[in-house]
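1. have a look; sequence and predicted model below, questions after that.
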Amino acid sequence: MKIYNNPELFNLWRESHEKKANEEVQFLKSILEKEIKSLLDIGGADGVHTIPLSRKMKNVKFTIYDGSANLLDNANKKISEQNIKNVKTQVGYFENIPQVLADQSFDAAISMWTTITYVNDLEKRKELYKWLSENIEKTIIIDQSNFYNYPKSDLSKSVEIFKNYEITTTRKYTINENYLRTGSYTFNFKNLNTNEEDEIYDPETVQFIEPEEIDKLLGTKWERTNTFGSYNQKHKFDKKNSKRLITIHEQK
Ligand SMILES: C[S@@+](CC[C@H](N)C(=O)[O-])C[C@H]1O[C@@H](n2cnc3c(N)ncnc32)[C@H](O)[C@@H]1O
(Lines give C-alpha, C1' and ligand atoms only; values in the text may rest on other atoms or scores of the structure.)
Protein backbone atom coordinates (compact mmCIF):
# COMPACT_ATOMS: atom_id res chain seq x y z
CA MET A 1 0.00 0.00 0.00
CA LYS A 2 1.22 3.50 -0.76
CA ILE A 3 1.54 5.74 2.28
CA TYR A 4 -0.05 8.50 0.14
CA ASN A 5 -3.34 6.65 0.31
CA ASN A 6 -3.54 7.32 4.02
CA PRO A 7 -3.54 11.14 4.22
CA GLU A 8 -3.44 11.23 8.02
CA LEU A 9 -0.35 9.06 8.35
CA PHE A 10 1.23 10.61 5.26
CA ASN A 11 0.89 14.09 6.80
CA LEU A 12 2.32 12.90 10.07
CA TRP A 13 5.31 11.29 8.34
CA ARG A 14 5.83 14.23 5.96
CA GLU A 15 5.76 16.73 8.83
CA SER A 16 8.03 14.68 11.06
CA HIS A 17 10.63 14.37 8.30
CA GLU A 18 10.49 17.89 6.98
CA LYS A 19 9.63 20.33 9.65
CA LYS A 20 10.78 23.12 7.42
CA ALA A 21 7.90 23.28 4.93
CA ASN A 22 7.90 27.00 5.64
CA GLU A 23 11.44 27.30 4.40
CA GLU A 24 10.49 25.42 1.22
CA VAL A 25 7.56 27.76 0.61
CA GLN A 26 9.76 30.84 1.14
CA PHE A 27 12.33 29.41 -1.25
CA LEU A 28 9.69 28.76 -3.93
CA LYS A 29 8.21 32.20 -3.49
CA SER A 30 11.59 33.92 -3.87
CA ILE A 31 12.18 32.12 -7.18
CA LEU A 32 8.66 32.61 -8.48
CA GLU A 33 8.41 36.24 -7.49
CA LYS A 34 8.64 37.35 -11.09
CA GLU A 35 5.35 37.89 -12.87
CA ILE A 36 3.57 34.53 -12.94
CA LYS A 37 -0.18 34.13 -13.15
CA SER A 38 -0.61 30.37 -12.97
CA LEU A 39 1.22 27.44 -11.43
CA LEU A 40 0.95 23.66 -11.73
CA ASP A 41 2.07 21.65 -8.67
CA ILE A 42 2.94 18.18 -9.99
CA GLY A 43 2.38 15.68 -7.18
CA GLY A 44 1.21 18.47 -4.92
CA ALA A 45 -0.47 16.04 -2.50
CA ASP A 46 -2.69 17.80 0.06
CA GLY A 47 -1.33 21.23 -0.85
CA VAL A 48 1.70 21.23 1.43
CA HIS A 49 3.35 23.89 -0.77
CA THR A 50 0.51 25.23 -2.90
CA ILE A 51 -1.84 26.18 -0.07
CA PRO A 52 0.63 28.41 1.83
CA LEU A 53 1.93 29.81 -1.48
CA SER A 54 -1.60 30.65 -2.61
CA ARG A 55 -2.02 32.86 0.46
CA LYS A 56 1.19 34.73 -0.32
CA MET A 57 0.58 34.97 -4.08
CA LYS A 58 -3.07 35.89 -4.33
CA ASN A 59 -2.98 36.83 -8.02
CA VAL A 60 -1.72 33.43 -9.08
CA LYS A 61 -4.07 30.58 -10.00
CA PHE A 62 -2.76 27.26 -8.63
CA THR A 63 -3.56 23.71 -9.75
CA ILE A 64 -2.59 20.76 -7.58
CA TYR A 65 -2.23 17.66 -9.77
CA ASP A 66 -1.91 14.30 -8.00
CA GLY A 67 -2.80 10.64 -8.46
CA SER A 68 -4.14 10.26 -4.93
CA ALA A 69 -7.82 11.16 -4.67
CA ASN A 70 -7.53 10.86 -0.87
CA LEU A 71 -4.82 13.49 -0.61
CA LEU A 72 -6.72 15.78 -2.96
CA ASP A 73 -9.82 15.38 -0.77
CA ASN A 74 -7.73 16.69 2.09
CA ALA A 75 -6.49 19.55 -0.08
CA ASN A 76 -10.10 20.39 -1.02
CA LYS A 77 -11.11 20.38 2.65
CA LYS A 78 -8.36 22.89 3.46
CA ILE A 79 -9.33 25.00 0.44
CA SER A 80 -12.94 25.28 1.56
CA GLU A 81 -12.18 25.63 5.29
CA GLN A 82 -9.70 28.42 4.62
CA ASN A 83 -11.95 29.98 1.97
CA ILE A 84 -9.15 29.92 -0.61
CA LYS A 85 -10.26 31.06 -4.05
CA ASN A 86 -7.16 30.60 -6.19
CA VAL A 87 -6.47 26.84 -5.88
CA LYS A 88 -8.08 23.95 -7.71
CA THR A 89 -7.20 20.27 -7.77
CA GLN A 90 -6.98 17.71 -10.55
CA VAL A 91 -6.70 13.98 -9.99
CA GLY A 92 -4.60 12.04 -12.50
CA TYR A 93 -1.42 10.12 -13.04
CA PHE A 94 1.71 11.99 -14.10
CA GLU A 95 1.92 9.62 -17.05
CA ASN A 96 -1.44 11.03 -18.27
CA ILE A 97 -0.69 14.75 -17.89
CA PRO A 98 -0.31 15.23 -21.67
CA GLN A 99 -3.89 13.94 -22.10
CA VAL A 100 -5.56 15.25 -18.93
CA LEU A 101 -4.11 18.76 -19.27
CA ALA A 102 -3.81 18.65 -23.05
CA ASP A 103 -5.12 22.12 -23.84
CA GLN A 104 -3.95 23.90 -20.69
CA SER A 105 -0.85 25.99 -20.11
CA PHE A 106 0.73 27.43 -16.97
CA ASP A 107 3.40 30.03 -16.33
CA ALA A 108 5.23 27.81 -13.85
CA ALA A 109 5.44 24.20 -12.72
CA ILE A 110 6.90 22.80 -9.52
CA SER A 111 7.47 19.21 -8.44
CA MET A 112 8.69 18.93 -4.89
CA TRP A 113 10.24 16.20 -2.79
CA THR A 114 11.46 13.63 -5.32
CA THR A 115 8.09 13.21 -6.97
CA ILE A 116 8.21 13.57 -10.77
CA THR A 117 10.79 10.77 -10.46
CA TYR A 118 7.97 8.24 -10.12
CA VAL A 119 7.63 8.27 -13.90
CA ASN A 120 9.85 5.28 -14.64
CA ASP A 121 8.94 4.50 -18.21
CA LEU A 122 11.30 6.30 -20.61
CA GLU A 123 8.69 6.90 -23.32
CA LYS A 124 6.20 8.27 -20.77
CA ARG A 125 8.93 10.47 -19.31
CA LYS A 126 9.78 11.87 -22.76
CA GLU A 127 6.09 12.60 -23.41
CA LEU A 128 5.70 14.31 -20.03
CA TYR A 129 8.74 16.55 -20.49
CA LYS A 130 7.67 17.36 -24.05
CA TRP A 131 4.34 18.49 -22.63
CA LEU A 132 6.14 20.55 -19.95
CA SER A 133 8.43 22.09 -22.55
CA GLU A 134 5.46 23.15 -24.68
CA ASN A 135 2.85 24.01 -22.03
CA ILE A 136 4.84 25.74 -19.32
CA GLU A 137 5.64 29.32 -20.30
CA LYS A 138 8.30 30.53 -17.86
CA THR A 139 9.74 28.48 -15.01
CA ILE A 140 10.07 24.81 -14.02
CA ILE A 141 11.35 23.80 -10.57
CA ILE A 142 12.19 20.14 -9.96
CA ASP A 143 13.30 19.06 -6.49
CA GLN A 144 14.93 15.66 -5.93
CA SER A 145 17.01 14.15 -3.16
CA ASN A 146 20.71 14.32 -4.00
CA PHE A 147 20.98 10.75 -5.21
CA TYR A 148 24.67 11.22 -6.16
CA ASN A 149 25.67 10.88 -2.54
CA TYR A 150 23.36 7.96 -1.72
CA PRO A 151 24.98 4.59 -1.01
CA LYS A 152 24.35 2.06 -3.81
CA SER A 153 22.33 -0.05 -1.40
CA ASP A 154 20.91 0.64 1.99
CA LEU A 155 19.07 -1.02 4.81
CA SER A 156 18.52 1.48 7.58
CA LYS A 157 16.07 2.35 10.28
CA SER A 158 15.27 5.70 11.85
CA VAL A 159 13.04 6.38 14.82
CA GLU A 160 11.44 9.70 15.67
CA ILE A 161 9.05 10.84 18.33
CA PHE A 162 6.59 13.29 16.83
CA LYS A 163 3.21 14.49 18.09
CA ASN A 164 2.79 11.57 20.51
CA TYR A 165 3.76 9.03 17.90
CA GLU A 166 6.87 6.90 17.69
CA ILE A 167 7.53 6.73 13.96
CA THR A 168 9.92 4.06 12.73
CA THR A 169 10.95 4.23 9.08
CA THR A 170 12.82 1.29 7.57
CA ARG A 171 14.41 1.92 4.18
CA LYS A 172 15.63 -0.82 1.95
CA TYR A 173 16.84 -0.17 -1.58
CA THR A 174 19.43 -0.58 -4.27
CA ILE A 175 20.37 2.01 -6.90
CA ASN A 176 21.63 0.86 -10.27
CA GLU A 177 24.14 2.60 -12.56
CA ASN A 178 21.31 4.56 -14.23
CA TYR A 179 20.12 5.92 -10.89
CA LEU A 180 17.01 3.75 -10.82
CA ARG A 181 16.27 3.07 -7.16
CA THR A 182 14.26 -0.04 -6.34
CA GLY A 183 13.18 -0.86 -2.83
CA SER A 184 10.68 -0.17 -0.12
CA TYR A 185 9.82 1.89 2.89
CA THR A 186 8.15 0.34 5.92
CA PHE A 187 6.49 2.84 8.21
CA ASN A 188 5.44 1.96 11.72
CA PHE A 189 3.36 4.48 13.64
CA LYS A 190 2.96 3.75 17.33
CA ASN A 191 0.53 5.94 19.20
CA LEU A 192 2.25 6.52 22.52
CA ASN A 193 -1.03 7.27 24.30
CA THR A 194 -2.87 4.10 23.27
CA ASN A 195 0.05 1.85 22.17
CA GLU A 196 -1.88 1.15 18.97
CA GLU A 197 0.33 0.52 15.95
CA ASP A 198 -0.18 1.01 12.22
CA GLU A 199 2.28 -0.44 9.75
CA ILE A 200 2.51 0.41 6.08
CA TYR A 201 4.76 -1.46 3.64
CA ASP A 202 5.34 0.76 0.64
CA PRO A 203 7.38 -0.65 -2.24
CA GLU A 204 8.59 1.92 -4.77
CA THR A 205 10.75 2.48 -7.82
CA VAL A 206 12.21 5.91 -8.38
CA GLN A 207 14.09 7.09 -11.44
CA PHE A 208 16.35 9.93 -10.36
CA ILE A 209 17.13 12.28 -13.22
CA GLU A 210 20.48 13.94 -13.75
CA PRO A 211 20.31 17.70 -14.38
CA GLU A 212 21.81 17.30 -17.88
CA GLU A 213 19.10 14.75 -18.66
CA ILE A 214 16.40 17.25 -17.66
CA ASP A 215 18.09 19.84 -19.91
CA LYS A 216 17.92 17.37 -22.78
CA LEU A 217 14.33 16.33 -22.10
CA LEU A 218 13.14 19.95 -22.02
CA GLY A 219 15.01 20.83 -25.21
CA THR A 220 16.60 23.95 -26.60
CA LYS A 221 13.79 26.39 -25.69
CA TRP A 222 14.85 26.02 -22.06
CA GLU A 223 17.89 27.02 -20.04
CA ARG A 224 18.91 25.72 -16.59
CA THR A 225 19.48 29.00 -14.79
CA ASN A 226 20.30 27.56 -11.37
CA THR A 227 20.96 24.31 -9.54
CA PHE A 228 20.58 24.51 -5.78
CA GLY A 229 21.60 22.05 -3.06
CA SER A 230 19.01 23.03 -0.47
CA TYR A 231 15.96 25.23 -0.06
CA ASN A 232 18.23 28.25 0.17
CA GLN A 233 19.36 30.27 -2.82
CA LYS A 234 22.79 30.73 -1.24
CA HIS A 235 23.51 26.99 -1.48
CA LYS A 236 24.65 26.04 -4.95
CA PHE A 237 24.40 22.33 -5.70
CA ASP A 238 27.41 20.25 -4.73
CA LYS A 239 27.35 16.54 -5.70
CA LYS A 240 29.20 15.42 -2.58
CA ASN A 241 27.60 17.43 0.19
CA SER A 242 24.18 18.73 -0.83
CA LYS A 243 21.03 17.14 0.56
CA ARG A 244 18.82 18.18 -2.33
CA LEU A 245 19.19 18.60 -6.09
CA ILE A 246 16.89 21.42 -7.15
CA THR A 247 16.97 22.50 -10.78
CA ILE A 248 15.49 25.76 -12.02
CA HIS A 249 14.73 25.97 -15.73
CA GLU A 250 13.57 29.13 -17.44
CA GLN A 251 12.25 29.49 -20.93
CA LYS A 252 14.85 31.39 -23.03
C1 LIG B 1 6.90 12.09 -2.25
S2 LIG B 1 5.22 12.63 -2.30
C3 LIG B 1 5.48 14.36 -2.37
C4 LIG B 1 4.28 15.18 -2.14
C5 LIG B 1 4.53 16.68 -2.05
N6 LIG B 1 5.03 17.23 -3.30
C7 LIG B 1 5.45 17.01 -0.90
O8 LIG B 1 6.43 17.74 -1.12
O9 LIG B 1 5.19 16.55 0.20
C10 LIG B 1 4.72 12.11 -3.91
C11 LIG B 1 3.33 12.53 -4.38
O12 LIG B 1 3.18 12.12 -5.74
C13 LIG B 1 1.96 11.40 -5.94
N14 LIG B 1 2.27 10.39 -6.98
C15 LIG B 1 3.23 9.43 -6.95
N16 LIG B 1 3.30 8.78 -8.14
C17 LIG B 1 2.35 9.35 -8.93
C18 LIG B 1 1.94 9.15 -10.30
N19 LIG B 1 2.53 8.23 -11.08
N20 LIG B 1 0.95 9.92 -10.78
C21 LIG B 1 0.34 10.85 -10.01
N22 LIG B 1 0.69 11.10 -8.72
C23 LIG B 1 1.68 10.36 -8.19
C24 LIG B 1 1.59 10.83 -4.59
O25 LIG B 1 0.20 10.65 -4.48
C26 LIG B 1 2.17 11.88 -3.63
O27 LIG B 1 1.23 12.89 -3.33
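-> Sure, I can see it. This one's a predicted model, so the numbers in the text were calculated from it and none came from an experiment.

2. so Y118 versus V206, what's the distance?
-> 6 Å (CB to CB, to the nearest Å). (C-beta placed from N, C-alpha, C; glycine too.)

3. no, scratch that, I was asking about E137
-> Applying CB to CB, the value for E137 to V206 is 28 Å.

4. quick one: which of these two has more around it?
-> The neighbour comparison of E137 against V206 (other CB atoms under 10 Å) goes to V206, with 21 against 14.

5. ignoring the adjacent residues along the chain, who's closest to I140?
-> H249 (4.4 Å; CB to CB, 6 or more residues apart in numbering).

6. so does the strand or helix carrying that neighbour get close to the ligand?
-> Element membership of H249 [criterion: DSSP states H and E] is strand 244-251. No: shown here: strand 244-251 not in contact with the ligand (CB under 6 Å from any ligand atom), separated by at least 11.4 Å.

7. picking up where we left off before, from what I see, the residue nearest to I140 and R224 are in contact.
-> Yes: with contacts counted by CB atoms under 8 Å, H249 reaches R224, the gap being 5.4 Å.

8. name the residues contacting each of those two.
-> Common contacts of H249 and R224 (CB atoms under 8 Å, 6 or more residues apart in numbering): I214, D215.

9. more crowded one of the two?
-> Using other CB under 10 Å, the more surrounded residue of H249 and R224 is H249, with 25 against 15.

10. the residue in the stretch 151-252 of the chain positioned nearest to the ligand: neighbour count?
-> Closest contact between the stretch 151-252 of the chain and the ligand, by CB to the nearest ligand atom, is at E204 (8.6 Å). Using other CB under 10 Å, E204 has 15 neighbouring residues.

11. so how far is A69 from P98?
-> 20 Å.

12. likewise for N5?
-> From N5 to A69 the distance is 9 Å (CB to CB).

13. the residue of the stretch 151-252 of the chain closest to the ligand against L180, yeah?
-> No: assessed by CB under 8 Å, E204 is found out of contact with L180, at 11.2 Å.

14. can you list the residues of the stretch 51-200 of the chain near the ligand?
-> Counting by CB under 6 Å from any ligand atom, the stretch 51-200 of the chain sits next to the ligand at D66, G67, S68, L71, Y93, F94, E95, M112, W113, T114, T115, Y118.

15. would you turn those into a markdown table with pLDDT, neighbour count and secondary structure?
-> Shown next, in a markdown table, are those (pLDDT from 0 to 100; neighbours: other CB atoms under 10 Å; DSSP: H, G, I helix; E, B strand; the rest coil):
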| residue | pLDDT | neighbour count | secondary structure |
| --- | --- | --- | --- |
| D66 | 97 | 24 | strand |
| G67 | 96 | 18 | coil |
| S68 | 94 | 20 | coil |
| L71 | 91 | 25 | helix |
| Y93 | 97 | 14 | coil |
| F94 | 98 | 21 | helix |
| E95 | 98 | 18 | helix |
| M112 | 96 | 27 | coil |
| W113 | 93 | 19 | coil |
| T114 | 94 | 19 | coil |
| T115 | 96 | 20 | coil |
| Y118 | 96 | 16 | helix |
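
16. what helix or strand does I31 sit in?
-> helix 21-32.

17. neighbour-wise, which of N5 and A69 wins?
-> More neighbours surround N5 than the other of N5 and A69, with 15 against 11 (other CB under 10 Å).

18. wait, doesn't that one sit right on S68?
-> Yes: in terms of CB under 8 Å, N5 counts as a neighbour of S68; the distance is 6.1 Å.

19. spell out which residues are contacts of both of the two.
-> Common neighbours of N5 and S68 (CB under 8 Å, 6+ apart) do not exist.

20. buried residues in stretch 68-86?
-> Across stretch 68-86, burial judged by 16 or more other CB atoms under 10 Å covers S68, N70, L71, L72, N74, A75, N76, I79, I84, N86.

21. ditto for stretch 228-244
-> Buried-residue list, stretch 228-244, by 16+ other CB under 10 Å: F228, G229, S230, Y231, F237, S242, R244.

22. quick check: end-to-end length of that stretch?
-> Using CA to CA, to the nearest Å, the end-to-end distance of stretch 228-244 comes to 7 Å.
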